[in-house]
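> Fold the following and give me the result.
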Amino acid sequence: MPRPLDGVALHSYCCRLGLSQDAEDLIATIRSSPPNRNPRGNHGNMLVWYPSKKMHCVIKAESHRVEFAFLLEAEYADDVLEYFDQPHPPMQLTSRNSPNLPKSSLIATFSIHRDSGIALLERHMLRDWD
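Sure, this is the predicted structure:
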């Protein structure tokens, strides 16, 4: 089954968003690569393997609360075209709200491709940052 951004649709999407060729190449890499790593059940987390109808594959999450809730939101949101777990290559994120967080804590967990744009996200419970 084809995904929404297969074929020329990816190029059209990137042009509509005004993305550079480098950005389009990175998105193509994320879309065609396996997850960067397999989730682990650390700190009492319950692993979730979600069979996504939208993505036609299993999407994995390390948390049955925060990350799984995000998966369900992405799966059923009309404006979400595609979403990927543990995007490859691994990308360090910076936080606009908490610049003092250690950089190793901010590795993208999801890449989400919406009608309005693309985001790399990290999901955690607030108490995890204490």
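> what about Asp115, how many neighbours?
Applying other Cβ atoms under 10 Å, we find 13 other residues in the vicinity of Asp115. Placement of C-beta: from N, CA and C, glycine included.
> For it, which non-adjacent residue is spatially closest?
Distances taken as Cβ to Cβ, 6 or more residues apart in numbering place Asp79 nearest to Asp115, at 4.7 Å, with adjacent residues excluded.
> Please apply the same query to Met46.
Spatial nearest neighbour of Met46, excluding adjacent residues (Cβ to Cβ, 6+ apart): His64 at 4.1 Å.
> Could you do Pro87 as well?
Counting by Cβ to Cβ, 6+ apart, Ser111 is the residue found nearest to Pro87 once chain neighbours are left out, at 4.1 Å.
> sec struct for that neighbour, please.
What DSSP: H, G, I helix; E, B strand; the rest coil gives for Ser111 is strand.
> my read: it touches Glu122, true?
No - using Cβ atoms under 8 Å, Ser111 makes no contact with Glu122, being 11.1 Å away.
> Which one's more surrounded, the two?
Neighbour count, other Cβ under 10 Å: between Ser111 and Glu122, Ser111 has more, with 21 against 15.
> Under the pLDDT cut-off, which ranges of the protein? List them.
Within the chain, the ranges that satisfy pLDDT under 70 run 1, 39-44, 91-106, 123-130.
> One more pass at 80, please.
By pLDDT under 80, the low-scoring segments of the chain are 1-2, 37-45, 65, 89-108, 122-130.
> now the strands for it?
Per DSSP state E, the chain carries strands over the ranges 48-52, 57-61, 80-85, 110-114, 117-121.
> With distance to Ala28 as added columns, please give these in CSV.
As requested, the strands of the chain are exported to CSV (distance: least, Cβ to Cβ, whole Å):
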stretch, distance to Ala28
strand 48-52, 20
strand 57-61, 17
strand 80-85, 12
strand 110-114, 12
strand 117-121, 12
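> quick one, what contacts the spatially most central residue of the chain?
The chain has Phe110 as the residue nearest its centroid, 1.8 Å off, counting by Cα atoms, centre = their mean. Contact analysis of Phe110 by Cβ atoms under 8 Å, 6 or more residues apart in numbering lists 67, 70, 74, 83-87, 120-123.
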